[in-house]
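**Q** Got a sequence here, can you build the structure:
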Amino acid sequence: MAGPRTVSLAQVRAAGRFPQIALSGLAIVLSAVGLRALVAPAPEPARLHSARSVPVDPALEGLAEAFARWFTGPRSERDPALAQRRFGLAQEGVADDRGSRSGRPVRWSAVVASARRAREAVVTVALDDGRATTYLAVTTGRDQRGRLYVAGPPAVVGPPRVADGRVAPAELEVEDPALRTVAVRVLRHYLAGEAVDLDADLEPGAAVSLPTTGLRVADVVATTWVVRQRRVALLVLARSRDGQQLTLRYELDVVRHGRRWLVRRVHVNPMALEATR
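**A** Residues are numbered from 1 along each chain as shown. Now for the predicted structure:
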């Protein structure tokens, strides 16, 4: 029979200190974790993208417009098999109604609204046949292989809502006669397509694409500040060669070099990049 086990005083003391050591180690680990959480940058919040902030794939809009023109076109052109080949739409999506309406050739069409929805987009297309304008909402998308498709039959909807009684923000008149003179002169040469004369009032390096149809400025209604010392707006009456009168508005980026004002950019110009107001 084994005798009683002998334990030294040092072992007893070590065993007594073990819980204290374990607790101290745990406290150090927790402190390190807490310090890391305090020092580490906070995770960025998830960003929510509205339908307006996320651009819609142009191919989805193009497919929707092509389908809408086909859908509202003459009955003789509405072959369900063609719908499947061209638009990826199941034949039952249009088979039932192909004989119920004659359809008229579409004179013009345009995408007037679009909203992103996951892999798909709801695209509203306006179609005019010369008698009436029809608005179709077409859902298009891409599959996992990137192929385009029309998700199903369209919906006849109303036009986009238009603001009622909107009042333009008030703008202060430009009082500097030199700036008014330069701005009006630039606009006259711009509308008339006079590139050589226009260049004289443009800042070096400015690129301007002239209109393809010449117009004459008949009257300057107002010259106002959009952004003081940076951008002006001109409201003018212009006449075409056939005598038609148009009310037009143009915004010009301007810069002062010494005593002289120059135009940096015409903001309706397709070659110009819009700056944030």
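**Q** Alpha carbons of stretch 116-125, as CSV, please.
**A** Taking Å, rounded to 0.1, in the frame of the first residue of the first chain, the C-alpha atoms of stretch 116-125 are listed here in CSV:
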residue,chain,number,x,y,z
ARG,A,116,-32.7,49.8,-61.1
ARG,A,117,-33.9,46.7,-59.3
ALA,A,118,-31.2,44.1,-58.5
ARG,A,119,-30.1,42.6,-61.8
GLU,A,120,-33.1,44.1,-63.6
ALA,A,121,-34.4,47.5,-64.5
VAL,A,122,-37.9,48.8,-65.0
VAL,A,123,-37.7,51.1,-68.1
THR,A,124,-40.6,53.3,-69.2
VAL,A,125,-40.7,54.0,-72.9
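**Q** so where do the strands sit in this structure?
**A** Assigned by DSSP state E, the chain shows strands spanning 108-117, 120-128, 133-142, 148-150, 155-157, 216-227, 231-239, 245-257, 260-266.
**Q** what would those strands look like in CSV with mean neighbour count, distance to residue 191 and mean pLDDT?
**A** Where C-beta positions appear, they are placed from N, C-alpha and C, glycine not excepted. Converted to CSV, the strands of the chain look like this (neighbours: other CB atoms under 10 Å; distance: least, CB to CB, whole Å; pLDDT from 0 to 100):
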stretch, mean neighbour count, distance to residue 191, mean pLDDT
strand 108-117, 16, 26, 92
strand 120-128, 22, 29, 95
strand 133-142, 20, 31, 94
strand 148-150, 21, 41, 92
strand 155-157, 12, 38, 96
strand 216-227, 15, 6, 94
strand 231-239, 19, 6, 95
strand 245-257, 15, 8, 94
strand 260-266, 19, 10, 93
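**Q** Residue 201 is nearest to which of those?
**A** Closest to residue 201 of those is strand 260-266 (CB to CB; 5.7 Å).
**Q** Mind giving me the packing neighbours of the closest one?
**A** helix 177-192, strand 245-257 (3 or more CB pairs under 8 Å, 6 or more residues apart in numbering; DSSP states H and E).
**Q** Residue 218: which of these is closest?
**A** strand 245-257 (6.9 Å).
**Q** Please list the outside residues in contact with that closest one.
**A** Here strand 245-257 makes contact (CB atoms under 8 Å, 6 or more residues apart in numbering) with 179, 182-183, 186-187, 190, 203, 215, 218, 221, 226, 229-240, 261-268, 275.
**Q** Adjacent strands (with direction) for that strand?
**A** For strand 245-257, the paired strands and their directions (DSSP bridges) are strand 231-239 (antiparallel), strand 260-266 (antiparallel).
**Q** Spatially nearest residue to residue 147 (excluding sequence neighbours)?
**A** Leaving aside its sequence neighbours, residue 147 sits nearest to residue 88 (CB to CB, 6 or more residues apart in numbering; 6.9 Å).
**Q** For residue 145, give me its contacts.
**A** Residue 145 neighbours (CB under 8 Å, 6+ apart): none.
**Q** What's the separation between it and residue 67?
**A** 20 Å (CB to CB, to the nearest Å).
**Q** just residue 265 next, same as before
**A** Distance from residue 265 to residue 67, by CB to CB: 39 Å.
**Q** how's the protein carved up into domains?
**A** With domains defined by automatic domain parsing, the chain comprises 58-157, 177-266.
**Q** looking at these, which is closest to residue 166?
**A** Across the domains of the chain, closest to residue 166 is domain 177-266 (CB to CB), at 14.6 Å.
**Q** got the end-to-end distance for that closest one?
**A** The first and last residues of domain 177-266 sit 20 Å apart, counting by CA to CA, to the nearest Å.
**Q** And for stretch 239-252?
**A** Start to finish, the residues bounding stretch 239-252 are 20 Å apart (CA to CA).
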